[in-house]
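Novice: Compute the structure for the input listed below.
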Amino acid sequence: MDVAFASRAKEPGRANEDYVLAASDMVVLLDGAGVPPEAETGCRHGLPWFVRTLGEQLLNAARAGDISLAEALKRAIERTALAHADTCDPSHPVSPSSTVVAVRRRDEYLDWLVLGDSFLALRKHSQIEVITDQRLKQSAVKQRTALRQADGRDRALWNALVAEERRLRNHPDGFWIAAGDPEAADHAMTGCLPLADLTHALLLSDGGARPVEPFGAVTWDECFHNLAQSGPAAWLRRVREIENADPDRTRWPRSKRHDDATALLIGLEDDA
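Specialist: Numbers count the residues shown, from 1 in each chain. This next block holds a predicted model:
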């Protein structure tokens, strides 16, 4: 696989909670879920440690044997929880968590997995298939709307959103995300496609996908064209330009002016 990617933190000097791992036959993108700075998470390591450890465990598990990506993610969540269970509480309702997108080349097929609201876009010879798990954004709608209307600046509203998401996290009535419960992997979206049907795969964190979804300022076809012609770093500059064109967040309502943004383009043809 021919892989190119770029990633930018939401603000200069801030930790980037997106994380990418790439091997010759597999790529993983994780987008750590932020919480208010004062929130008790039950973990002394922090979110960057969690996404890094989870990603490494997933890559290792998926490449070590003939198992599905969902089973590999289940093992990765379990091993990550064990890695800090002696000093932390991985079962804490606000313990570090992350979305997961993974693709693996296996013989003449591409396996894929999506858990959470990051994006996987697969370019076929005649169409684009977009896969994303929007159960998080479909939960805590009342609290999410109130925070967006307050431009994301009201700490009490943010705390209320975190509390409701905490109640719904990894619950049948809510959403599923990689945290401390391996069962979440059973609820990931997965699939397998012949490589002969594909030319490219695009992995985007939700911050990297903003111009396409939810803004609608760019089509998926234009997004692929931009990335193929100019590369991921140029795409992320365009993301920031589009966000900066709406500094008051009125045209495209959102709780944060900028978010961590990652774009990863994979060429899947032999001459990519």
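Novice: Would you indicate which residues of stretch 161-169 are buried?
Specialist: For stretch 161-169, burial by neighbour count (16 or more other CB atoms under 10 Å) applies to 161-162, 164-166, 168-169. For every residue, glycine as well, the C-beta is placed using N, CA and C.
Novice: now, which of these sits nearest Arg79?
Specialist: Minimum distance to Arg79 across the buried residues of stretch 161-169 is 20.1 Å, recorded for Arg169 (CB to CB).
Novice: is it true that the closest one touches Ser97?
Specialist: Yes - here Arg169 lies in contact with Ser97, judged by CB atoms under 8 Å, at a distance of 7.0 Å.
Novice: Report the set of residues contacting both of those two.
Specialist: Taking CB atoms under 8 Å, 6 or more residues apart in numbering as the contact rule, Arg169 and Ser97 both touch 177, 179.
Novice: residues contacting the closest residue to His187 other than its chain neighbours?
Specialist: Leaving aside its sequence neighbours, His187 sits nearest to Trp176 (CB to CB, 6 or more residues apart in numbering; 4.0 Å). By CB under 8 Å, 6+ apart, the residues touching Trp176 are 115-116, 133, 135, 170, 184, 187-188.
Novice: tell me the two of the residues you listed that are most distant?
Specialist: The widest separation within the contacts of Trp176 (CB to CB) is 12.9 Å, between Asp133 and Asn170.
Novice: more neighbours, these two?
Specialist: Asp133 (23 against 17; other CB atoms under 10 Å).
Novice: What pLDDT is listed against the residue nearest to His187?
Specialist: Trp176 is assigned a pLDDT of 95 by the prediction.
Novice: now do Gly152
Specialist: In the predicted model, Gly152 carries a pLDDT score of 63.
Novice: what's Ser205 sitting at in phi/psi?
Specialist: phi -70, psi 160 (degrees, to the nearest 10).
Novice: Is Ala83 in contact with Arg52, as I believe?
Specialist: No - here Ala83 lies out of contact with Arg52, judged by CB under 8 Å, at a distance of 11.0 Å.
Novice: Where do the strands of this protein begin and end?
Specialist: Using DSSP state E, the strands of the chain run over 2-8, 18-22, 26-32, 98-106, 109-115, 119-124, 128-132, 189-194, 198-204, 261-267.
Novice: Check the residue lying closest to Ser68 once chain neighbours are set aside and give its pLDDT.
Specialist: Once flanking residues are discounted, Ser68 sits nearest to Thr190: 7.0 Å by CB to CB, 6+ apart. pLDDT, Thr190: 98.
Novice: how close does Asp197 sit to Ile266?
Specialist: As judged by CB to CB, to the nearest Å, Asp197 and Ile266 stand 14 Å apart.
Novice: Quick check: which of the strands of the chain is nearest to Gly180?
Specialist: Shortest separation from Gly180 across the strands of the chain is recorded for strand 98-106, at 11.4 Å, computed as CB to CB.
Novice: list the helices and strands the closest one packs on?
Specialist: Counting by 3 or more CB pairs under 8 Å, 6 or more residues apart in numbering; DSSP states H and E, the packing neighbours recorded for strand 98-106 are strand 26-32, helix 47-64, helix 69-84, strand 109-115, strand 119-124, strand 198-204.
Novice: Alpha carbons of it, as PDB, please.
Specialist: Provided in PDB are the C-alpha atoms of strand 98-106 (Å, rounded to 0.1, in the frame of the first residue of the first chain):
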ATOM      1  CA  SER A  98     -11.000   6.800  20.900                       C
ATOM      2  CA  THR A  99     -12.600   6.300  17.500                       C
ATOM      3  CA  VAL A 100     -10.900   3.700  15.400                       C
ATOM      4  CA  VAL A 101     -10.500   3.300  11.600                       C
ATOM      5  CA  ALA A 102      -8.400   0.500  10.300                       C
ATOM      6  CA  VAL A 103      -7.700  -1.100   6.900                       C
ATOM      7  CA  ARG A 104      -5.700  -4.200   6.200                       C
ATOM      8  CA  ARG A 105      -4.500  -5.700   3.000                       C
ATOM      9  CA  ARG A 106      -4.900  -9.400   3.000                       C
END
